[in-house]
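**Student:** Structure, please.
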Amino acid sequence: MGWKRKIYRHIPKHHNGKNRNFSIQKKLRRENKITEEFEIMLASLSLEDVIALKLELATKAANGYVYGIPIWHTIPTVIKDALLKFALSATRSRKEAARFLGLDIISFNNLVNKYKIKSFFEEE
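**Tutor:** Model prediction:
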């Protein structure tokens, strides 16, 4: 073994590539929407619990009226949006994000444009 891989212990893997500025956590903290304490509590919940709680809170805000909203049919769109954001924040490049999701790069780029994912990460 004539070569050794460089290990950068101080720099997280996903911060080395083109996606280094894509972080949902940093964006929400910058906007003062989350705190470290909230993240700890959120981490203890399952994804199913988080979705159910978010839906319950949304119905309370609307005084319990959610009739006519096609939740069952819109949830795949919501999930795809979340997966695209996560894939970009967890990988170093768009190509790696596409592979992570099992998509070809053209389909991935089309979805990123369709869901306007890049604008989510842009600072105002």
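
**Student:** what's around residue 98, how many residues?
**Tutor:** Using other CB atoms under 10 Å, the number of residues around residue 98 comes to 22. All C-beta spots, glycine's among them, are computed from the backbone N, C-alpha and C.

**Student:** brain fart, residue 91
**Tutor:** Neighbours around residue 91, by other CB under 10 Å: 21.

**Student:** Can you list the low-confidence ranges for this protein?
**Tutor:** 1-16, 64-65, 67, 124 (pLDDT under 70).

**Student:** let's see it at 80
**Tutor:** 1-17, 61-69, 123-124 (pLDDT under 80).

**Student:** Which stretches in it count as helices?
**Tutor:** 24-30, 36-43, 47-61, 71-90, 94-101, 105-114, 117-121 (DSSP state H).

**Student:** Make TSV out of those and add distance to residue 18.
**Tutor:** Below are those laid out as TSV (distance: least, CB to CB, whole Å):
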stretch	distance to residue 18
helix 24-30	16
helix 36-43	25
helix 47-61	27
helix 71-90	10
helix 94-101	7
helix 105-114	13
helix 117-121	12
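
**Student:** Of those helices, flag the one that's most buried.
**Tutor:** Among these, ranked by average contacts under mean count of other CB atoms under 10 Å, first place goes to helix 94-101 (a mean of 19).

**Student:** tilt between that one and helix 71-90?
**Tutor:** 130 degrees (axes from the mean of the first three to the mean of the last three CA atoms, to 10 degrees).
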